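Enquirer: please work out how this folds:
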Amino acid sequence: MTVKAYRPMTPAQRGKTTQDFDQITTKKPMKSLLASKKQQAGKNNQGKITVRHRGGGVKRHYRLLTHNLPKGLTLEVMEIEYDPNRSARIARVKDQNDVYYYVVADSNMKKGLKFMTGDEAVVETSNRMPIENIPVGTFIYAIELTPGRGAQMVRAAGTSAQLMAKENGYATLKMPSGEMRRVLLSCEASIGTVGNEQHQNVKIGSAGRTRRKGIRPTVRGVVMNATDHPHGGGDGGRHGSGKAPRSPWGQLTLGYRTRHNKQTNKYIVRSRHEGKRK
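Expert: Numbering: from 1, shown residues only. As a prediction, the model looks like this:
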């Protein structure tokens, strides 16, 4: 995949780039693997806003991906498709029983490729197997946190984790963030790197393109009135607030950690924060 620039016919197009969709083989998704997706606009079932700056956007159908493929399958890639709900491409695959699935497509997948799942799978790109069968140093993606639950980690475009060590029933992984983490050797993972690697280099370029993604404008606190935000008020001068950054409700927003999951701290060997534990 490459990043394609627009001709600067308008000011917005001067800084806009888009993805090259040459790898996509069809524009028609499989209807049996689609589900309706209702727009919540960042609100809960009481109508209260729980996530700000959400709403609008184009209508989408959700693709029903299978993150927990059955073992012992030989799958063939039938199509590579665009998924509006994720950064990675998805692959429409068919097993030996003519059952179709959607899976996250890696950088090696193309139409006609065959790959395997389960303990009998050989160590090749795209094959899915328990981590205990994968050699140390291999790059993997779509990793399970709990055996049998399905892939939960490393599913975004261009990402991969490296298997660093295997000991005492656990595998040590170097995550895309730099974190060193342990998972059980019985957890499954796929070999390779998630495709669409250039996704992070695409420039949005215009406000309207962001609105079509369902993201509404964000207003800075320093330009609000004092009644609306802790940073608001003043004589109109362009000066700092003199306070630590806060949310409209007074909660600190930068400079402190928000992770308080003590149950999984034991699985983190080295944090992504300069080697400190979370």
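Enquirer: okay, now the unreliable bits of the stretch 151-278 of the chain?
Expert: By pLDDT under 70, the low-scoring segments of the stretch 151-278 of the chain are 238-241, 274-278.
Enquirer: please redo it, this time with the cut-off set to 50
Expert: Within the stretch 151-278 of the chain, the stretches with pLDDT under 50 are 277-278.
Enquirer: domain-wise, how is this structure divided?
Expert: Residue ranges for the domains of the chain, per automatic domain parsing: 3-199, 221-266.
Enquirer: and residue 50, what does it touch?
Expert: Contacts for residue 50 (C-beta atoms under 8 Å, 6 or more residues apart in numbering) come out as 42, 43, 44. Any C-beta I mention is one placed from the backbone N, CA and C, and that applies to glycine too.
Enquirer: pipe the residues you listed into TSV and attach neighbour count, secondary structure and distance to residue 9 per row.
Expert: Shown next, in TSV, are the contacts of residue 50 (neighbours: other C-beta atoms under 10 Å; DSSP: H, G, I helix; E, B strand; the rest coil; distance: C-beta to C-beta, whole Å):
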residue	neighbour count	secondary structure	distance to residue 9
42	16	coil	34
43	14	strand	38
44	10	coil	42
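Enquirer: from those, which is closest to residue 78?
Expert: residue 42 (36.0 Å; C-beta to C-beta).
Enquirer: next, the closest residue to the closest one other than its chain neighbours: phi, psi?
Expert: The shortest distance from residue 42 to any non-neighbouring residue, by C-beta to C-beta, 6 or more residues apart in numbering, is to residue 54 (3.2 Å). Backbone geometry at residue 54, expressed as degrees, to the nearest 10, gives phi -130, psi 150.
Enquirer: then residue 49?
Expert: phi -70, psi 120.
Enquirer: over to residue 183?
Expert: phi -140, psi 160.
Enquirer: neighbours of the closest residue in space to it that isn't next to it in sequence, how many?
Expert: Closest residue to residue 183 apart from its sequence neighbours, by C-beta to C-beta, 6+ apart: residue 171 at 5.6 Å. By the criterion of other C-beta atoms under 10 Å, residue 171 has 25 neighbours.
Enquirer: likewise for residue 147?
Expert: Applying other C-beta under 10 Å, we find 14 residues neighbouring residue 147.
Enquirer: which residues does it contact?
Expert: With C-beta under 8 Å, 6+ apart, residue 147 has these contacts: 184, 186, 187, 188.
Enquirer: on that earlier part again, most tightly packed of the domains of the chain?
Expert: Of all those, domain 3-199 carries the top mean neighbour count, a mean of 16, counting by mean count of other C-beta atoms under 10 Å.
Enquirer: what is the end-to-end distance of that one?
Expert: The stretch domain 3-199 measures 8 Å between its terminal residues, going by C-alpha to C-alpha, to the nearest Å.
Enquirer: quick check: residue 36 touching residue 63?
Expert: No: here residue 36 does not reach residue 63: they are 11.8 Å apart, not a contact under C-beta atoms under 8 Å.
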